[in-house]
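In: Pasted the sequence and its predicted model underneath.
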Protein chains: 4
Amino acid sequence: MTIDLKPSPVRLKAVAGRGQPEPSPALEQLYRGFEEELLVPLWTEIGDLMPLHPKSKAAPHLWRWDRLKALAAQAGQIVPVGRGGERRAIALANPDLGGRPFATPTLWAAIQYLMPGENAPEHRHTQHAFRFVVEGEGVWTVVNGDAVRMSRGDFLPQAGWNWHSHHNAATEPMAWIDGLDIPFSYYTESQFFEVGREQISHAEKGTPERSQSERLWGHPGLRPASATTALPATPLLAYRWSDTDRALADQLALEDEGCVATLSPGHAAVRFTNPTTGGDVLPTLRTEMHRVRAGAQTLVRREVGSSVFQVFDGGGTVTVGERTWQVARGDLFVVPSWQPFAAQASPATQLDLFRFGDAPIFEALHAHRMQIGN
Amino acid sequence: MTIDLKPSPVRLKAVAGRGQPEPSPALEQLYRGFEEELLVPLWTEIGDLMPLHPKSKAAPHLWRWDRLKALAAQAGQIVPVGRGGERRAIALANPDLGGRPFATPTLWAAIQYLMPGENAPEHRHTQHAFRFVVEGEGVWTVVNGDAVRMSRGDFLPQAGWNWHSHHNAATEPMAWIDGLDIPFSYYTESQFFEVGREQISHAEKGTPERSQSERLWGHPGLRPASATTALPATPLLAYRWSDTDRALADQLALEDEGCVATLSPGHAAVRFTNPTTGGDVLPTLRTEMHRVRAGAQTLVRREVGSSVFQVFDGGGTVTVGERTWQVARGDLFVVPSWQPFAAQASPATQLDLFRFGDAPIFEALHAHRMQIGN
Amino acid sequence: MTIDLKPSPVRLKAVAGRGQPEPSPALEQLYRGFEEELLVPLWTEIGDLMPLHPKSKAAPHLWRWDRLKALAAQAGQIVPVGRGGERRAIALANPDLGGRPFATPTLWAAIQYLMPGENAPEHRHTQHAFRFVVEGEGVWTVVNGDAVRMSRGDFLPQAGWNWHSHHNAATEPMAWIDGLDIPFSYYTESQFFEVGREQISHAEKGTPERSQSERLWGHPGLRPASATTALPATPLLAYRWSDTDRALADQLALEDEGCVATLSPGHAAVRFTNPTTGGDVLPTLRTEMHRVRAGAQTLVRREVGSSVFQVFDGGGTVTVGERTWQVARGDLFVVPSWQPFAAQASPATQLDLFRFGDAPIFEALHAHRMQIGN
Amino acid sequence: MTIDLKPSPVRLKAVAGRGQPEPSPALEQLYRGFEEELLVPLWTEIGDLMPLHPKSKAAPHLWRWDRLKALAAQAGQIVPVGRGGERRAIALANPDLGGRPFATPTLWAAIQYLMPGENAPEHRHTQHAFRFVVEGEGVWTVVNGDAVRMSRGDFLPQAGWNWHSHHNAATEPMAWIDGLDIPFSYYTESQFFEVGREQISHAEKGTPERSQSERLWGHPGLRPASATTALPATPLLAYRWSDTDRALADQLALEDEGCVATLSPGHAAVRFTNPTTGGDVLPTLRTEMHRVRAGAQTLVRREVGSSVFQVFDGGGTVTVGERTWQVARGDLFVVPSWQPFAAQASPATQLDLFRFGDAPIFEALHAHRMQIGN
């Protein structure tokens, strides 16, 4: 038999309003019955649950890079890195998501910080992750024994359930950005975690210019004939800035020559892809680099799902919903679901924006929608 | 410039513990800095965010059908059905999900109730839905002008963004179960809604034995040659009990003849599928009917994602995590993510269980896991 | 070293013409050089190899059922069935394909004939096959031990590499149609074959009303929960006439009610599908049943790839390219690639046409094209 | 009524043998009946049509590059290039395929030759094609207005139905290899062809170092955010030797370091892929570059479908079925379906082999099989 002594968490109040039953003693009695049986009617909740279009709980918000970095450096002095805490990672907490470390309802974005000689211990988890380096160098991420260099502009995807650790082989601290689908896996309760070895081997701490994964998978349009099936996530562990930069420059040059190459005039963009499928690098995360020509602006765009942007270089103005910010290198901001977004580069310099978002979730479920234009 | 006068929602407290930095004035100062900048460190949250395996916030719980129906009937007397409230639907609120009308973190389950002659007005929404009829008849669901009969044992999927209404053409009230992915679309902020016509035409209120969709799509292994592409969701609007029952009986009979047909000895099950793909009926919802032979039991099974079951017929015992219940016709219960589930039919009668769950979400994202056995 | 003493099969003749080099002694010498080295220039062959659109080598042709059946019956008297010859199958040989048993360049169509008590021995092959029964009954096809009844109007797909045999359990001979992709696998050299047991067991020669496969897979929109992956070919071994007939009748009735259900006015059609994918029953073969209302006609249609039709019931006129025939039950005819096809039912009776073709090959390779209308 | 005055092409002869009916007057009469009705029995043909495994009609054969080039140069002197003949292409004619210009039953391989200043006129066709350059440079292939440089080691895929022409901008003649699926589309009768403009514009005859397609698509793991859907064939029009060479060298270096990177010890290989899918560059053609370390050998491999190889660099020994050849730069040879193939590099130099084959056809149709080892 069911015995549940906890007071019911359901609280219902009869109020007048469109679509609401007339308050009455009978209604009150009904609502008490609902509460006892742990029931909630649709009619009191429908406005919140079924809006005409997504109305995000999350707020547009901007975090300044200099403040983040200063706090991370402060943490570097007093917070050790080790098993249990696992990482010296400090996450963006959207102001309207109740103090949780969630940049948006689905996305985690954090600054991670490693002091010279420090190691972040090996573990693995089903959450998909990536690193993006806005400045600095000297840390290697070791993935299943493959040491991957991290330098400015590099994008390092980290597919779920692969062993990984970080070690700072340099004489300076280094900071970078971690992006994950932690909030999504948290709400959907689909996450697994495992701790790895306490020490990785000396050999794994090598500092090669190119990782094994790049040597196997980093050649345009080529794949090893020994590995020809589609994988859910990319096997390529680093997308180097020199390639990304060249691809963006090529798009703008092609536009100058009259070719269709950009998203809209003056707005180049590349998507990081899984070379085994041509699709997104990770099953839940879309990652892109955008470049807006000096003085140009993007189209206004709104889409189902949320994004986090980091300014990689240059400056300009970004607008998210009703908020507008001047932005500079390293600044991070969020675009909640279905909020319009546009960016404008300053007249003097192009604006490079790294972006990650959750669109693959909605595309996989046939729930994606996008509007371009005002 | 960003100006945010709201007090920060972030609250951090330095505490001793594994993986935690030693409490100190410097740490307190760091945490105040985090709060000001809307930052939360990983090390204080990792236990909750990244458990070794899913630890659902939701509780196993059972709702008794007689109580639900009695309250629904009471609502039938005093709560009108119409625009604004849209439906006389009363949802299961999991005791550990804070009073929200969420059976599990992703699933909505409600009893809907319609009095003789009543109409639930036309609308459409991107949330995927279905109806399942544990008893009664007399209501037609009209989908894009196609009137679909509802009778005991029938399963009516309702793919997102199709116009639909209900009308009770009988002289008795009727109750049935609605299942939707409302909580999932709520957390991921991906939902759209539109109201339809105030009145559907008289012609649409016909009461045909078979809907148009069944006449087009309800023939085993056949599809109209005029419609040959894959659709995200099923175009077949009713799966009739006579078919489901026969399929289950066939599996048990085949097992008796020595064929491999059941999930495990004495446990037959069919999955409702989209005839244009062979996959699940709806992009986010898996729906199945299970039959356990009198006296038999299922294997223990745990899986990523959650399910709601309704007892369709017979009786027996079900175990979810550490809870065990005797169940009877109409009873509903939830299986939270990664909680073990097993069922045993009573010695006297087979046990028929309708089940719906969110597994397609995890399969689409390559995040599904399942364990069979103890 | 290559030593090849065979005379070269290449024969080139210099001729004047558009795109041809001027005949000259130098050209003759060049051509002799080509012949010696086993080379052929594009310029002499391009007209044949690269036409503006497919110009089939195959001819439109019709075979009369009464003649086929008479010859098959004659063969029944004098040609035994057994290992080596394997089947008493007599294939259509397109008049323009050089006497080969190829109905079209990719399709095999044969009448198979089994005397009372006879058995066609077990074997398997990678060629995909099906049986279609225009009349008669009494034979069972045993597929991997599952005995499948064959009756008028039934369609029995036979996916490659499954063991199968036939036995006639009746007191009358029985004839039916076999369709296979033999010519396609022959030209592409992709076929495997294996002989099976000399005798199948008595138990396998049962004569059940429904096969195991139908009991597992023959329920509309349902699949066994124990078998949920996509299979390359259908696991359902029989599509019964009662279902096919009802689906066609439903389409015409829906058309009468104003619904979009048919291919064009008066022309209903269903496609046989693989319930695990919603696609064609077999990777290389598309199979359909068409019904043209009495007095109605189909649109003219031409498509890449070829088809074979058999008149299942009724009568009328069919046009293929420049040929037109009056047709009656059992007649078979071929539609070569890109030849226009249309059918007209006689004023007195509807016309039922079974059709199979090779379109899945072209769709899988993104090479399919179709034109509807004159 | 069918009236067919041509003598029947069917010729049947009663012979004794396993699985054959006893020759007799009745049998002769039956066979005459078959001939009249254009019928052929299975039992006389089954050995040829349904062998235990593929027995190719095609022979292993080798063509020497110096002989091909000499004849192509001779053709350069006397055969003009222009509309009608379209290309100065000279195709390999397998000795056992009846003098047809078919290297294998599905594959076309030709040497194409262009004199200084010559243009091969614009056309398009549904056959998929590619160019591979074993030596020389100076020709540009213009695809839909995009001029693509051709240099030693470059691979240029040419997806069906794109406009293309060639122009030699250099002062020397140039030869290269064309590969197409002409025989496959010929047998399956699925080909379309269209002539283009007589003259392409001066602007299109530019000689850029990198084509537009390379600037858009030639960056590892990146794609334009403006083009994010899967395409049936690659949009990247050139795969440069520097990338291919580096990828092969990387695999061998990784092997030296103890990583799994090669197909087998000493045997590196890359597959050219469609960056929008990760699959083969063209729907019907697989293309790869292989490198065998000096003194090493490949495993023996047999597979459904056929291949053509060209020696790109180095030398060694190759074995196809019962043939063995010493090979040198530019030599071409064919591997018929299911014939075993192995290669051995000479002790002094590594062996680079370009390979193309028809495996995507069989993989798309679930008909592919492969055996590795002796």
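Out: Done, it's in. In this text, all values refer to a predicted model and were calculated from it rather than measured experimentally. Numbering: from 1, shown residues only, chains lettered A, B, ... in the order given.
In: C-alpha only now, for contacts and for neighbours.
Out: Fine.
In: where along chain A do the helices fall?
Out: With DSSP state H, the ranges of helices along chain A come out as A:25-37, A:46-49, A:65-78, A:182-188, A:212-217, A:241-256, A:359-364.
In: wait, which of the ones you listed is closest to A:Leu282?
Out: helix A:359-364 (8.2 Å; CA to CA).
In: and the closest one, anywhere near chain D?
Out: No - using CA under 8 Å from any CA of the partner chain, helix A:359-364 stays clear of chain D, coming no nearer than 11.7 Å.
In: Tell me the buried residues in that helix?
Out: Buried residues in helix A:359-364, defined by neighbour count with 16 or more other CA atoms under 10 Å in any protein chain shown: A:Ala359, A:Pro360, A:Ile361, A:Phe362, A:Ala364.
In: Also stretch A:169-180?
Out: Applying 16+ other CA under 10 Å to stretch A:169-180 flags A:Ala169, A:Pro173, A:Met174, A:Ala175, A:Trp176, A:Ile177, A:Asp178, A:Gly179, A:Leu180 as buried.
In: circling back to that earlier point, quick one: which two of the buried residues of helix A:359-364 are the most distant?
Out: A:Ala359 and A:Ala364 (8.6 Å).
In: mind listing the strands in the stretch 101-250 of chain A by residue range?
Out: A:108-114, A:119-125, A:129-132, A:137-143, A:146-151, A:155-158, A:164-168, A:174-180, A:193-195, A:222-224 (DSSP state E, counting those that start in this stretch).
In: right, and A:Ala147 touches A:Gly138 too?
Out: No - with contacts counted by CA atoms under 8 Å, A:Ala147 stays clear of A:Gly138, the gap being 11.8 Å.
In: for chain B, what are the nearby residues on the stretch 251-374 of chain A?
Out: Within the stretch 251-374 of chain A, the positions near chain B by CA under 8 Å from any CA are A:283-284, A:304-305, A:324-326, A:337, A:361-362, A:364-368.
In: can you do 10 Å?
Out: For the stretch 251-374 of chain A, the contact set with chain B under CA under 10 Å from any CA of the partner chain comprises A:282-284, A:303-306, A:323-327, A:336-338, A:358, A:360-369.
In: out of A:Ala147 and A:Gly138, which sits in the busier spot?
Out: Ranked by neighbour count (other CA atoms under 10 Å in any protein chain shown), A:Ala147 and A:Gly138 place A:Ala147 first, with 27 against 20.
In: If I follow the layout properly, A:Tyr102 ends up in contact with A:Ala110?
Out: For residue A:102 the amino acid is Phe, not Tyr. Yes - taking contacts as CA atoms under 10 Å, A:Phe102 lies within contact range of A:Ala110: 9.4 Å.
In: Quick one: residues contacting the closest residue to A:Gly33 other than its chain neighbours.
Out: Spatial nearest neighbour of A:Gly33, chain neighbours left out: B:Leu71 (7.0 Å); criterion: CA to CA, 6 or more residues apart in numbering or on different chains. Contact analysis of B:Leu71 by CA atoms under 10 Å, 6 or more residues apart in numbering or on different chains lists A:Leu30, A:Tyr31, A:Gly33, A:Phe34, A:Glu37, A:Leu39, B:Trp65, B:Gln77, B:Ile90, B:Ile111, B:Tyr113.
In: Show me which of those are buried.
Out: A:Leu30, A:Tyr31, A:Gly33, A:Phe34, A:Glu37, A:Leu39, B:Trp65, B:Ile90, B:Ile111, B:Tyr113.
In: Pick the one among these closest to D:His267.
Out: Closest approach between the buried ones among the contacts of B:Leu71 and D:His267, by CA to CA: B:Ile111, at 64.6 Å.
In: Who does the closest residue to the closest one other than its chain neighbours form a beta bridge with?
Out: Spatial nearest neighbour of B:Ile111, excluding adjacent residues (CA to CA, 6+ apart): B:Ile177 at 4.6 Å. Beta-bridge pairing of B:Ile177 under DSSP bridges involves B:Ile111, B:Phe132.
In: so B:Ile177 touches B:Ile90, yeah?
Out: Yes - the criterion here is CA under 10 Å, and B:Ile177 meets it with B:Ile90 at 9.4 Å.
In: Touching both of these two, which residues are there?
Out: In contact with both B:Ile177 and B:Ile90: B:Ala109, B:Ala110, B:Ile111, B:Gln112, B:Tyr113, using CA under 10 Å, 6+ apart.
In: Distance check, the third one against B:Gly179.
Out: Between B:Ile111 and B:Gly179 the computed distance is 9 Å (CA to CA, to the nearest Å).
In: Residues that sit against both of those two, list them.
Out: With CA under 10 Å, 6+ apart as the test, B:Ile111 and B:Gly179 both reach B:Ala91, B:Arg131, B:Phe132.
In: Now stretch A:51-66: average pLDDT?
Out: Mean pLDDT, stretch A:51-66: 98.
In: roughly how far out does that stretch sit from the chain middle?
Out: Mean-position distance between stretch A:51-66 and its chain equals 13 Å (CA atoms, centre = their mean, to the nearest Å).
In: Give me the distance between the two termini of it.
Out: 38 Å.
In: Low-confidence ranges, the stretch 1-150 of chain A, go.
Out: Along the stretch 1-150 of chain A, segments meeting pLDDT under 70 span A:1-7.
In: Could you verify my assumption that A:Pro224 touches D:Ala261?
Out: Yes - contact status for A:Pro224 versus D:Ala261: in contact at 7.4 Å, counting by CA under 10 Å.
In: Report the set of residues contacting both of these two.
Out: By CA under 10 Å, 6+ apart, the residues touching both A:Pro224 and D:Ala261 are A:Arg215, A:Leu216, D:Leu248, D:Gln251, D:Ala268, D:Ala269.
In: any idea how far A:Trp217 is from the closest residue in space to the first one that isn't next to it in sequence?
Out: It refers to A:Arg215. Spatial nearest neighbour of A:Arg215, excluding adjacent residues (CA to CA, 6+ apart): D:Asp250 at 5.6 Å. D:Asp250 sits 10 Å away from A:Trp217, taking CA to CA as the criterion.
In: Just want to know which of the two has more residues nearby.
Out: The neighbour comparison of D:Asp250 against A:Trp217 (other CA under 10 Å) goes to A:Trp217, with 26 against 19.
In: so that one makes contact with D:Ala247?
Out: Yes - using CA under 10 Å, A:Trp217 is in contact with D:Ala247, at 8.3 Å.
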